[in-house]
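# need coordinates for the following:
(one chain, ligands or ions: 2)
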Amino acid sequence: MIQRKSQREIELMHEAGKLVAKIHKEIAKFIKPGISTLEIDEFAEDFMKENGAIPAQKGYQGYKFATCASINDEICHGFPRKDKLKDGDVVKIDFVVDLNGALADSAWTHPVGKVSDEAQQLMKVTKESLYKGIEAAQAGNRVGDIGAAIEQYVEKYGYGIVRDFTGHGIGPKIHEEPNIPHFGRPNSGQRLKEGLVITIEPMINTGIWPSQMDDNGWTARTVDGSLSCQYEHTVAITKDGPLILTEQDDIN
Ligand code: MF3
Ligand code: CO
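Ligands and ions are numbered 1, 2, ... in the order given. Now for the predicted structure:
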């Protein structure tokens, strides 16, 4: 069943989203070579708690951390760890906040020190592809329009769009229907309706798209060792167009 939200529910999710955005901006300020993803995780969890929020990922299907931290060829669901980040790494930090029962989910790619031109271009294209997908998230459009917009934009760079993980409906649980693939055909799939809240979270590889699962049963990485980037927003479909609940530019 696809859950549609009231304006009040969307407002509450927006409050959660603003906290998510704030945490990403804070992380961007202190991330540098020598910092560990476990330190980032602890910072994020503390920040949530100080602001009356709960780290929604902790305990979700047995996941143990407040954040996922995926480095370089890790696509998603990397575990925060003690190892120090190195100059030139790219790290994807992904987390869900529960504020007063309302959820918001966003992943962001953070460069560590000076990253390669290849990494910079992948980051730029992946972020732009997210916004192309969001533009297509209009009431009356279909789920496939989002994926098609992303695919059409990314295609010309020859990058691989990960197919094993998708965006998703969100609230009251982290993962709700519908799935939102980041590739697809225009005018296909379910109709997008006002009140639907979804995540759009393209994972894009410099190499081929298939992923392999680590022995930990969680972490996905590229099969060819190529670099992977991800940007994710939680987006509400409203009569006035897509409303980005986790937008970082709207807040201090
Ligand atoms: N934010 C992640 C996603 O969109 C949530 C991962 S579930 C967890 O898929 F358990 F790994 F946290
Ligand atoms: Co998500």
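
# up against ligand 2, what does this structure have?
Counting by C-beta under 5 Å from the ion, the chain comes close to ligand 2 at 105, 199. C-beta: built from backbone N, CA, C; applies to glycine.

# enumerate the residues of the chain near ligand 1.
57, 60-61, 63, 68, 77, 94, 96, 105, 174, 199, 201 (C-beta under 6 Å from any ligand atom).

# any of these buried? List them.
The neighbour-count test (16 or more other C-beta atoms under 10 Å) marks 57, 63, 68, 77, 94, 96, 105, 174, 199, 201 as buried among those.

# skipping adjacent residues, who's closest to Phe47 in space?
Ile23 (5.3 Å; C-beta to C-beta, 6 or more residues apart in numbering).

# max-length helix in this protein?
Using DSSP state H to define each element, the chain has its longest helix at helix 7-30.

# show residues contacting it.
5, 40, 43-44, 47-48, 51, 53, 93, 95-106, 108, 110, 170-171, 195, 197, 234, 236, 238, 243-248, 250-252 (C-beta atoms under 8 Å, 6 or more residues apart in numbering).

# list the buried residues of the very next helix or strand once past it.
Sequence-wise, the next helix or strand downstream of helix 7-30 (DSSP states H and E) is helix 37-50. Within helix 37-50, the residues that count as buried by 16+ other C-beta under 10 Å are 37-41, 43-45, 47-48.

# check stretch 155-173 too.
Buried residues in stretch 155-173 (16+ other C-beta under 10 Å): 159-162, 165-171.

# with stretch 185-205 instead?
186, 189, 192, 195-205.
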